[in-house]
Each structure stands twice: as C-alpha cells, then as structure tokens.
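Novice: pasted the sequence and its predicted model underneath.
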Amino acid sequence: MTNPPHSNVRTLYENLQNSFKLYGKCPYLGTRYYDQKSKKWSSYVYQSYSEVAARASNFGSGLQNVYQKMNESNPNKANACHVGLYSVNRAEWVIADQGCVCYSNITVALYDTLGPDTVHFILNHAEIPIVVASKDRISNLLQVKSKTPNPYLQVIISMDDLDYSKETDQLLKSWAKDKGIELLSFKEVEKMGELHPIPHRPPKPDEVATICYTSGTTGNPKGAMISHRNLLMHITTFQLLQVNASPSDIHISYLPLAHIFERALTAALMSAGTQVGFYRGDVLLLVEDIVCLKPTVFISVPRLYNRIYSKIVASTVNAPGIISFLFRRAFAEKRSRLLSGNGFHHPTYDRLLFSKIRAVLGGRIRIMISGSAPLDKEIMTFLKVAFSCEFLEGYGQTENAATCTIQIPGEYLAGSVGAPVPAAEIKLVDVPDMNYFATDKPFPRGEIWSRGPGTFLGYWKDPEKTKETIDPEGWLQTGDIGLINERGQLVIIDRKKNLLKLSQGEYVAPEKIENCYLKTPLLAQIFVHGESLKNELVAIVVPNPDTFNPWLQTIGYHGSFENACRDPGVTAKLLKEMDRSAKKAKLLGFEIVKGIYLYPKQFGVEDDLITPTFKLKRPQLRKYFQKEISNMYQQIESSKTSKPKL
C-alpha cells in the first residue's frame, strides 16, 4: 500500500489542510501557562486546528519574507531552505514545522544529547541559515557562531517574546548583532507574514520533509532524509490497526520532536483530529502534566515505563500489610486471564483496585504503545494488567520512519514486536559470522531487512553510507537480528554491528567508550557490554600488571594480582579511577560504565576472544562472560526496587 486511505492526503501539507477542514473548531495544541500573580500553573489552554493552520501559514509566509530578504543579492538562490528547530516540545515547534511545510522548506531538528559539538556540526552539515529556537537555547547558538561561518546561522527566531525593556533581552540582541546574526521574535515573523502574504508552495510526496540526525557510528551523526510519503505511512498504520484515534483522544507530547518517533506520531494523530498537550519541559514534572491532561493515548519508551512500573510495584504488591496481599491476588488473577486470551479487564478488581493505578496517568488511558527499544515482557504484561488497557509494542528506526512492525490490538502475549505494518515488508538475511541463518529451526533467524514506502531517501550528503544501508532492490539493512516465532511475529534478539541500544533508546558505540577507558594506565584490555533491556553499561576489565600492582600498594592492598581481581574493595576503587577517565573524556551519562568485573588474564586468540589483529570478538566475549555479566546486572538491580513475582 503506497498511500494512506485518505486519497487526498499525500504530504504533510495536505494533512494540515485536510485536518483544518475536518476539525477546524476542535482543540489541537494544548499548553500550560504560569501565572506570576497566583504562582500557579494553569490547566491546559488549547489552540484549535483552524488557529494553528492560520498561524502556520502566517509564520511560513513571514519566514519566506526573511529568507528572500537574506538573498536579495542572489536572485538565483532557491526559494526553499533548511530551517533549524531547537527547543523542547511546544506549540511553536509544531507551528514552525507546519509553516515550513507550507513552502516546501526542510526542517532540521537540533539537539545536544549527543554532546556539545552536535549543534554546530548539524548547522554546518545541513547548511542551515535560519534557526527557530526557544529563548533558553539562543545563547548556545551564539556561542557556536564562530564555528559556523556564513552563509549558515544568519537569523535566529525566538519562540518566546523578546522584551527589549529587559536587560537580558537587550544583551541577547546586542550579542547577536555582534555575531552578525539577526534576532527576531516568533510573533514578529508571524506579523510579517500576515502583512506581506506569499502564496503557498506545497511540497510533493517524495520530496524531503525533514533531515533527522541520528547517532549510528563512532563518528558524527548522520542526517536521514525523510520524505512526506515516509511520514504519512503512519496514518495507514493507525487506521488499519483500528487504533481509531479521534478528536476526543488526547496525547501527551514529551518524547523529543527532534526524533522521528514523536514526529511521525504527531502527523498520524493530526489526521484524526486528536488533541496534543505538551509537557512543561521538565521530566520531573511530567507525571503532574499527565494527571492534569488526562491523556487517552500514551506512547512512550521503556525507560519511562520501567519507572512507572517500579513506582506502582512499590505502592501495591510490595506495600506492607493487607494492601500487598490484595494486589498480589488481583494481579495474579488478571494476569492469568490475560495470558489465557480472556482480556485485561476484571469486573471487580478494576473498580476496587486498578482504578487507583489508572489515576496515576490521569485515569483515561485506553491504549499504550512502546517503541525505541525492547520492553521487558514481564513489565509489559504487568502494565497491561495494571492499567486495564491495550498495550502494543513496535519496532522501527529513523531510516524506516520509526515503524516497521507492531503488535495488533488484542495481542495478549508480550515479547514480540508484532508483524510488519501495512507500509513495510521484512525478510531475514543470513549472518554466518554470528551463526544466524534464515533456515534455522525451529525459528528462522537473521538480520532484519525492511522495504516499503516508509523507507527513507538516504543520508544527506553521504552517498556511500546510503549505498551501504539500502541495496539496489530497496531493502534497508537494519543491522538488527531477529527471529520469527511460532505465531509469525518478529522478536528482536541481537544487534549485528558493534552498536548497542540501551533501554532508554540511546545508542552507544562500545569501541569509542573502550578507547576512552584504555587511556587509563591501569587497564590493559576492556570489553564494554550493554543490553537493550538495561539502562546501564558494564565491562570486563583486564588490569595492566605493570601499573596495577604498584597502584595496589598505594591503596594499601598487599595481596596477589589474582586475589586483587577478586576483591570487591579493589574493584570499587578501580571503578572510581575509570570514572575519572570517563569524565575527562567527556563521556555522556549513559556511556559511563556502572559495573566492572576484573579478569586477571588477557583476552587471547587461542581463547577465540580476539582476532589475530587484536580486535574483540564481541559475541564470543559475551558468551564467555555471560555469568559475570549477569552477576553485575544483578548487583546493579539490587539497589533498585525488586520485581514482584506474579
């Protein structure tokens, strides 16, 4: 299926116009505002679909005026440009994005979770002359201007009002002027577009809608070119899965719009007239925003689901006294009913007990979806029972517009990521080096390849990487290893490349991390390991006897080298030394190893743990140290809330 069921909706522009006509008076984008007098936050205040459409048109027109003025001396310059979007999720992000869509401008999200150099790299690599940013991000842009020469970063548009009677805003304006940057407010650009309207220049389905940068190697992030057709495939998925989103549904937008998952989801929900409320930008206040908004559709990633699970467990099945007994009995009975295919409802327990749990997320959730990384099947089953709602898990990546497979409503067994969505087909390809074959019995195994109208157009300015990723027949080589289970569903079991994805959805490159830690003189070898169901990295460490033995003396340890490797105190002190190296190397939080096992013997070719050229054989190392890895994760988990046995 190459187009959504809406025959007239083939681009994000047509999606906006169609939604405006169908749901014009319906509430669309919701925001909470802070009242300086009462010192309280308001309930959600909404802009309607018609208001958003009008503001997007005005902003897009104003942006075109700004861009044309920038290029007065170059009349041959293309009408469209790359526009950076730099803020947490908020209404202005969506309005600016839709404004760009009206004129076929390509949006590029900026974000700093990949490190301090990412922003100026993307500005230069994506050739961005205009950035729309929240006020708190403007100083970051001004600081990197010296690394971003003209013609890039010439204009910054502040999503927040600029009050030049205030000293801080005066300083921003002056700083921008010194850097040769024009600083405008969002409202100024909207007004400009209203007073000097420019006719829309709608995009075509296969034109680039956005360049989404994603970490994929030890080097710089790659810019995946996502077309309008790619993003519109999610409308098809939602409809044919009978998710049946409607104007009465409400979604909490907190997953970064900079990532393709939330971006594609927003497009799909717009087509159904769904209300979207934005969190306040602080994850510590997210639960308060959820309770205030009372969403009906909740889409998140394992990291948050794990936190929700832990809190519910602590207050129910692990609570003291009779409460624990009641919830354990209720959970056990509902779980048994679910796994027997009898649904997730119970006429008595839902009313007396589980209504209190549902209230944690506002009390109105009817469907939950998990993506970005695998979710522990016991946690998924637990939450489906606890919230008495549909809970689906999907699989995808930036390169196939976030969704390749997903479970269908009514699925009662967790552990798979479902079947291909209507816009995709998949196949498993042999990986001989890892002993995965499509002919494996009882379940076929291999690298997951996907194909379809959701497949991205390629990497911006990187034809070589594009050829490595998409074969001549259009198959996207995901790098993930899967198997097809007895129910015909896809299960993710491994990763082909030396790239790890943690449960919070972050990719980490173990070789890069290992090279940072090897700068510690005390280490001879290190094998960094992570799992998609865990938040933390662990490592097998081989100390360097030449430096390790003298160091043992300095910490007051006088035993043998082998005994030191088994001593918990020595292990803890070495981990602190490694932490210093990690900070010095400016590793990000999720890249820092949280547990280590000291191994007194070097990895050898004879043990099949390294190649003749001294490269680590990761699958073999993982298998060889499976027990030690499990023990490290158990030690890490012991400091957290233990999982209940249901």
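Specialist: Great, that's in hand.
Novice: domains in this structure, as residue ranges please.
Specialist: 12-293, 297-495, 507-638 (automatic domain parsing).
Novice: does residue 323 count as helix, strand or coil?
Specialist: Recorded secondary structure, residue 323: helix (DSSP: H, G, I helix; E, B strand; the rest coil).
Novice: which ones are touching it?
Specialist: Residue 323 makes contact with residue 316 under the criterion Cβ atoms under 8 Å, 6 or more residues apart in numbering. In this view, the C-beta of every residue, glycine as well, is placed from N, C-alpha and C.
Novice: how far away is it from residue 64?
Specialist: When distance is defined by Cβ to Cβ, to the nearest Å, residue 323 is 61 Å away from residue 64.
Novice: and the pLDDT for the residue lying closest to residue 12 once chain neighbours are set aside?
Specialist: Excluding its sequence neighbours, the residue lying closest to residue 12 (Cβ to Cβ, 6 or more residues apart in numbering) is residue 101, at 4.6 Å. Per-residue confidence for residue 101 comes out at a pLDDT of 97.
Novice: is it correct that residue 578 is in contact with residue 520?
Specialist: Yes: counting by Cβ atoms under 8 Å, residue 520 is a contact partner of residue 578 at 5.9 Å.
Novice: okay, and the common contacts of the two?
Specialist: Shared contacts of residue 578 and residue 520 (Cβ under 8 Å, 6+ apart): none.
Novice: what is the subsequent helix or strand relative to the helix or strand hosting residue 580?
Specialist: Element membership of residue 580, judged by DSSP states H and E, is helix 568-584. Next along the chain after helix 568-584, taking DSSP H and E as the criterion, comes strand 593-598.
Novice: report the rounded mean pLDDT for that following strand.
Specialist: On average, strand 593-598 scores 96.
Novice: buried sites along whatever helix or strand comes next after it?
Specialist: Proceeding N to C from strand 593-598, the next assigned helix or strand is helix 618-624, under DSSP H and E. Using 16 or more other Cβ atoms under 10 Å as the test for burial, helix 618-624 gives 618, 621, 624.
Novice: next one: stretch 392-410
Specialist: Going by neighbour count (16+ other Cβ under 10 Å), the buried part of stretch 392-410 is 392-407.
Novice: do stretch 337-345 as well
Specialist: For stretch 337-345, burial by neighbour count (16+ other Cβ under 10 Å) applies to 337-338, 344.
Novice: from those, which ones fall inside helices?
Specialist: Under the assignment DSSP state H, these contribute 337-338 to helices.
Novice: and of the buried residues of stretch 337-345, the nearest to residue 442?
Specialist: Distances from residue 442 to the buried residues of stretch 337-345, taken as Cβ to Cβ, are shortest for residue 338 (25.2 Å).
Novice: where's residue 275 relative to residue 29, distance?
Specialist: The separation that residue 275 has from residue 29, given Cβ to Cβ, amounts to 8 Å.
Novice: now for the longest helix along the chain, which elements pack on it?
Specialist: Longest helix of the chain, by residue count under DSSP H: helix 49-70. Under the contact criterion of 3 or more Cβ pairs under 8 Å, 6 or more residues apart in numbering; DSSP states H and E, helix 49-70 touches helix 12-23, strand 27-31, helix 91-101, strand 130-133, strand 155-158, helix 186-195.
Novice: dump the ones you listed into JSON lines; add mean neighbour count and distance to residue 470 as well.
Specialist: Formatted as JSON lines, the helices and strands packed on helix 49-70 follow (neighbours: other Cβ atoms under 10 Å; distance: least, Cβ to Cβ, whole Å):
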{"stretch": "helix 12-23", "mean neighbour count": "21", "distance to residue 470": "23"}
{"stretch": "strand 27-31", "mean neighbour count": "22", "distance to residue 470": "35"}
{"stretch": "helix 91-101", "mean neighbour count": "26", "distance to residue 470": "25"}
{"stretch": "strand 130-133", "mean neighbour count": "26", "distance to residue 470": "30"}
{"stretch": "strand 155-158", "mean neighbour count": "24", "distance to residue 470": "35"}
{"stretch": "helix 186-195", "mean neighbour count": "19", "distance to residue 470": "37"}
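Novice: can you add distance to residue 501 and give the domains of the chain back as a markdown table?
Specialist: Converted to a markdown table, the domains of the chain look like this (distance: least, Cβ to Cβ, whole Å):
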| stretch | distance to residue 501 |
| --- | --- |
| domain 12-293 | 10 |
| domain 297-495 | 5 |
| domain 507-638 | 5 |
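Novice: mutual contacts of residue 275 and residue 29, please.
Specialist: In contact with both residue 275 and residue 29: residue 46, using Cβ under 8 Å, 6+ apart.
Novice: may I see the buried residues of stretch 603-613?
Specialist: Buried-residue list, stretch 603-613, by 16+ other Cβ under 10 Å: 603, 609-610.
Novice: ok, and what's touching it?
Specialist: Under the criterion Cβ under 8 Å, 6+ apart, residues 525, 527, 542, 616-617, 620-621, 624 lie in contact with stretch 603-613.
Novice: could you dump those into a markdown table and include distance to residue 9?
Specialist: Below are the contacts of stretch 603-613 laid out as a markdown table (distance: Cβ to Cβ, whole Å):
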| residue | distance to residue 9 |
| --- | --- |
| 525 | 55 |
| 527 | 50 |
| 542 | 58 |
| 616 | 49 |
| 617 | 49 |
| 620 | 50 |
| 621 | 50 |
| 624 | 53 |
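Novice: dump the residue contacts of residue 428.
Specialist: Counted by Cβ under 8 Å, 6+ apart, residue 428 has contacts 438, 444-449, 482-484.
Novice: now, those that are in helices?
Specialist: Among the contacts of residue 428, no member is found in helices (DSSP H).
Novice: quick check: the farthest pair among the residues you listed?
Specialist: So for the contacts of residue 428, where distance means Cβ to Cβ, the most widely separated pair is 449 and 483, at 14.1 Å.
Novice: poorly predicted segments of the stretch 401-550 of the chain, please.
Specialist: 498 (pLDDT under 70).
Novice: please enumerate the strands of it.
Specialist: Under the criterion DSSP state E, counting those that start in this stretch, the stretch 401-550 of the chain contains strands at 405-406, 419-420, 425-429, 445-451, 458-459, 476-484, 490-495, 500-501, 507-508, 523-530, 537-543.
Novice: and the helices in the stretch 201-350 of the chain?
Specialist: Applying DSSP state H, counting those that start in this stretch to the stretch 201-350 of the chain gives helices spanning 228-240, 260-271, 286-293, 302-315, 322-339, 349.
Novice: can I get the strands of the stretch 401-550 of the chain in CSV with distance to residue 292?
Specialist: Below are the strands of the stretch 401-550 of the chain laid out as CSV (distance: least, Cβ to Cβ, whole Å):
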stretch, distance to residue 292
strand 405-406, 29
strand 419-420, 36
strand 425-429, 40
strand 445-451, 38
strand 458-459, 40
strand 476-484, 37
strand 490-495, 35
strand 500-501, 32
strand 507-508, 33
strand 523-530, 35
strand 537-543, 36
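Novice: which stretches of the protein have low pLDDT?
Specialist: Of all residues in the chain, those with pLDDT under 70 make up the ranges 1-7, 75-78, 112-116, 215-219, 238-244, 498, 611-614, 639-646.
Novice: who's sitting farthest from the centroid in it?
Specialist: residue 558 (47.7 Å; Cα atoms, centre = their mean).
Novice: secondary structure element holding that residue?
Specialist: Counting by DSSP H and E, residue 558 is part of no helix or strand.
Novice: same question, residue 177
Specialist: helix 167-178.
Novice: just the buried residues of that helix, please?
Specialist: Here helix 167-178 shows 169, 172-173, 175-176 as buried, counting by 16+ other Cβ under 10 Å.
Novice: send me that helix as PDB with only the CA atoms.
Specialist: The C-alpha coordinates for helix 167-178 follow below in PDB (Å, rounded to 0.1, in the frame of the first residue of the first chain):
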ATOM      1  CA  GLU A 167      18.400  43.900  30.200                       C
ATOM      2  CA  THR A 168      18.700  40.200  29.400                       C
ATOM      3  CA  ASP A 169      16.900  40.600  26.100                       C
ATOM      4  CA  GLN A 170      18.900  43.700  25.300                       C
ATOM      5  CA  LEU A 171      22.100  41.700  25.900                       C
ATOM      6  CA  LEU A 172      20.800  38.900  23.600                       C
ATOM      7  CA  LYS A 173      20.100  41.300  20.800                       C
ATOM      8  CA  SER A 174      23.400  43.100  21.200                       C
ATOM      9  CA  TRP A 175      25.300  39.800  21.300                       C
ATOM     10  CA  ALA A 176      23.500  38.500  18.200                       C
ATOM     11  CA  LYS A 177      24.300  41.800  16.400                       C
ATOM     12  CA  ASP A 178      28.000  41.400  17.300                       C
END
